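Colleague: when you get a sec, could you give me coordinates for this:
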Amino acid sequence: MRSQEKSETSIVQKLDLDGYIGQFKHFLAREKPIALPGDINQHHRYIQALSSLQFPSPPNVSALDKELARIHLQAVLGLDEIYAFVKIIGYFNTLRAQSLPEPLHAWIQAIEIPDEIREVMTYFTHEGELNAERDPELYSLERAIKQNKSEIKETLYKLAHTSKLQPYLVDTQVHFNGGEETLLVRGGFNHVIKASVVARSTAGFFYIIPQSITQLKEKESALLSNKEEIIYKYCQKISTIFYTWERFLAFINKEYDRFDHYQARVSFARAYEYEFVLPSKKKGIRLFDFAHPAIENPKPISIDFSKRIMLVTGVNAGGKTMLLKSMLSAVYLSKHLLPFRCDAAKTEVGHYRHIEAVIDDPQSVKNDISTFAGRMQEFATLFSKEDAIVGVDEIELGTDSDEAASLFRVMLDALAHKSISFVVTTHHKRLASLMAADDEVELIAALYDEERRVPTYTFLQGSIGKSYAFETAQRYGIPASIITKAKEIYGEDKENLNELIEKSTTLERELRLKIAKADEALLAVENMREKLKDEEFRLQESHRKALATLENRYNAATKKAREALKAKESSEGRRLLNTAHQHTTLKPKEVASVEEMPLQEGDKVKYRSHKAELVSLHGSDATIMVDGLKIRVPLSQLKRRGDALLVAPKSKPKVSRVTVEKTGAAVSLKLLGMYADEALDALDKFLSDALVNGLYEVQIIHGTGGGVLSKLVGEYLNKHPKIAKFYKMPGNLGITVVEL
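Modeller: Here you go, the predicted structure:
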């Protein structure tokens with residue numbers, strides 16, 4: 001346990017999180033490790049629920065592990081120790097009275113406080129003293145003690161104002177010294193008053209207790225002794241009850257720590273406007289606007305690390321080490337559900353069992369170990385671990401960079417296959433060049449402002465950065481002549497390589513900015529396209545509803561008209577009804593014919609957002625005129641312009657067609673006096689004319705007579721495929737009504 005705490009302290013210090021952790025601990029009601037044992041997803045749900053409401057601050061209490069051990073041994077607790085448990089239980093009572101969201105409500109309500117423990121709580125006042133009103137003996141003792149103290153003060157006050165003592169008094173106040181009421185006097189006081197010296201002041205004066213109040217002091221001592229006896233009896237009684245409910249007290253003490261963890265995190269997040277990030281099951285880190293707590297005015301970091309190894313190169317003092325610490329800090333804080341500054345909606349942090357930081361120089365004179373040997377010791381321990389994230393700062397520190405590059409390249413690859421992720425910083429391009437071709441390596445370059453000659457503390461993914469050692473040295477005061485001489489020794493070819501690296505980084509940065517702007521513009525176009533689609537759908541839906549409403553109204557009106565005609569026969573009314581029906585059926589067909597008309601040469605069309613004119617057709621392609629230019633485009637991308645419907649279409653070449661001429665059609669047919677064959681011929685022609693003219697309903701007058709014609713008409717209508725319905729008109733009028 002101590003080893004684990006020591007390891008936690010070490011990683012906190014290495015990541016510069018000790019100040020942050022110290023701030024967080026101020027919000028805890030009592031000191032404890034920051035780790036939250038148990039299901040982290042469940043803890044997150046409770047924290048989210050608690051974040052949605054205002055709650056009373058928990059009382060500060062000390063750790064009660066020793067007190068619980070003494071209860072187990074049936075020892076008698078002191079009044080303060082008992083009251084610590086009372087404060088905890090009282091706080092849970094307060095929470096039970098709150099309106100809590102789930103799952104907090106179910107958790108708090110499930111904590112049932114035994115009646116005996118509730119009874120113990122009534123023994124105490126809010127100040128932690130025994131409630132004297134519950135015990136007459138204790139009540140009378142406290143009144144006697146109060147009265148005795150009053151008499152002591154009054155006696156001292158009278159002595160302080162006697163004329164014979166006044167020359168020796170420093171002042172007339174009653175001073176408390178060591179819990180005793182005293183007077184402050186000068187030397188020689190013993191000539192006028194008998195008293196005991198309690199203490200001496202720094203100025204050489206004496207604190208005295210006059211013998212005249214000795215009896216009152218003795219009385220006070222006896223009263224206090226009696227009170228202590230009563231208090232001890234209560235402590236014995238309550239300790240016995242606590243022994244009975246030892247398991248409950250251990251449980252409530254543990255639950256109090258759990259709630260303390262939750263409330264401290266919520267209060268801490270509110271105080272500093274931090275956000276919580278729940279660790280995800282998959283590996284990787286995606287930070288968005290992350291700010292390390294140790295930096296006073298941080299520049300937020302947004303970076304995506306979804307591979308096995310992140311290799312950070314670039315300018316000296318450009319923030320590489322802080323980027324490494326930020327990545328590991330995000331993992332550490334999210335692992336312990338500690339809030340931090342970021343855009344939580346876009347930030348995602350994976351869960352890792354171990355967090356290791358190989359940051360400090362491990363050289364030790366005492367242990368006779370070099371820097372490189374110390375690094376090898378630290379790396380050797382990693383081969384026994386899995387599921388870890390490791391940060392390594394200045395990886396080639398302490399040895400030849402070319403040899404180290406080859407060695408670390410192989411070690412990093414081997415460790416990465418053991419589910420260990422690495423965040424590595426380096427100034428040496430040899431290692432970067434060896435690892436750049438690996439798909440599982442994320443290259444990060446720390447950027448430099450060439451014009452202002454300062455680091456930008458920003459990073460570019462997918463690139464190798466230049467170290468700018470000469471520029472950094474000059475910025476920190478190294479003479480220009482030294483820099484020039486160093487560049488000469490360094491070599492022109494290597495400096496050209498650095499310039500190529502910088503140009504590559506600059507071009508890549510510019511390209512990414514342009515891509516980002518293009519993506520933003522494309523997103524705006526896509527959003528507008530979606531809005532237009534939604535508007536088109538809304539208009540179509542509105543048009544459909546309007547047509548449906550009109551059709552329903554028309555059908556209702558015609559239905560009422562038919563009912564009226566059935567009640568009172570009118571040939572003219574039926575003719576007008578059929579004419580109305582004919583017009584309603586023709587209009588949709590006319591509209592459809594206009595909409596479905598194929599595009600012809602000379603039509604006004606729309607191509608994307610341009611107005612154009614159709615010049616010629618070539619199979620599935622077409623030539624159009626746009627702003628004086630002829631272009632060839634797919635025919636499927638052309639649409640007829642809305643204003644083209646307002647222009648009369650051009651005459652089309654005459655094509656021979658077979659047409660059916662409409663003749664005048666009657667709404668009724670009289671068959672009275674006809675023979676069977678003659679009646680069937682007349683009926684067939686009558687129905688054909690009615691169908692061609694789009695009539696909705698007709699009448700056949702066949703009379704009553706012997707019923708021969710009526711039977712003949714019924715048989716014919718039964719076999720006719722275009723007859724929807726027919727029936728005889730009520731009243732035995734000899735008329736059959738036919739609906740087409």
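
Colleague: could you list the domains of this structure?
Modeller: Taking automatic domain parsing as the reference, the chain has its domains at 28-114+245-272, 133-231, 285-484, 599-646, 668-739.

Colleague: any chance of CSV for these, columns mean neighbour count?
Modeller: Where C-beta positions appear, they are placed from N, C-alpha and C, glycine not excepted. Putting these into CSV (neighbours: other Cβ atoms under 10 Å) gives the following:
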stretch, mean neighbour count
domain 28-114+245-272, 16
domain 133-231, 15
domain 285-484, 18
domain 599-646, 13
domain 668-739, 15
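
Colleague: all the strands of the stretch 251-400 of the chain, residue numbers only.
Modeller: 285-290, 301-305, 309-314, 348-349, 354-358, 388-392 (DSSP state E, counting those that start in this stretch).

Colleague: low pLDDT regions in the stretch 351-500 of the chain?
Modeller: For the stretch 351-500 of the chain, the stretches with pLDDT under 70 are 361-371, 397-402, 429-430, 437, 448-457, 462-478, 480, 483-500.

Colleague: run the last query once more with 90
Modeller: Under the criterion of pLDDT under 90, the regions of the stretch 351-500 of the chain flagged as low confidence span 356-387, 391-420, 424-500.

Colleague: all helices of the stretch 151-300 of the chain, in order?
Modeller: When assigned using DSSP state H, counting those that start in this stretch, the helices of the stretch 151-300 of the chain occupy the ranges 214-244, 246-272.

Colleague: and the stretch 301-450 of the chain, by the same measure?
Modeller: In the stretch 301-450 of the chain, the segments counted as helices under DSSP H, counting those that start in this stretch are 320-335, 371-382, 401-416, 429-435.

Colleague: and the stretch 551-700 of the chain, by the same measure?
Modeller: Under DSSP H, counting those that start in this stretch, the stretch 551-700 of the chain gives helices at 571-595, 676-692.

Colleague: didn't L695 look like it was pressed against E739?
Modeller: No - using Cβ atoms under 8 Å as the test, L695 is too far from E739 to be in contact (9.9 Å).

Colleague: which one is K153 nearest to, not counting chain neighbours?
Modeller: Take K153 and drop its neighbours on the chain: the residue closest to it by Cβ to Cβ, 6 or more residues apart in numbering is V174, 5.9 Å away.

Colleague: oh, I was asking about M729
Modeller: Skipping the residues right next to it in sequence, M729 comes nearest to I735 by Cβ to Cβ, 6+ apart, at 4.3 Å.

Colleague: identify the bridge partners of the one you found.
Modeller: I701 (DSSP bridges).

Colleague: what's the pLDDT at it?
Modeller: With respect to pLDDT, I735 scores 86.

Colleague: correct me if wrong: it contacts Y727.
Modeller: No - in this structure, I735 sits apart from Y727 without contact. The criterion is Cβ under 8 Å, and the distance is 10.1 Å.

Colleague: could you report the neighbour count for N131?
Modeller: Using other Cβ atoms under 10 Å, the number of residues around N131 comes to 13.

Colleague: got phi/psi on the residue nearest to K153?
Modeller: Summarising the backbone geometry of V174 under the convention degrees, to the nearest 10, its torsions are phi -90, psi 120.

Colleague: distance of it relative to A264?
Modeller: With distances defined as Cβ to Cβ, to the nearest Å, the gap from V174 to A264 amounts to 44 Å.

Colleague: with G187 instead?
Modeller: Distance from G187 to A264, counting by Cβ to Cβ: 57 Å.

Colleague: likewise for L287?
Modeller: Between L287 and A264 the computed distance is 24 Å (Cβ to Cβ).

Colleague: ok, K32 next?
Modeller: Computed as Cβ to Cβ, the K32 to A264 distance reads 9 Å.

Colleague: repeat that for S481.
Modeller: As it turns out, when the distance is counted by Cβ to Cβ, S481 lies 58 Å from A264.

Colleague: do the same with E442
Modeller: Distance, E442 to A264, using Cβ to Cβ: 35 Å.

Colleague: again, but for L165
Modeller: Separation of L165 from A264 (Cβ to Cβ) stands at 57 Å.
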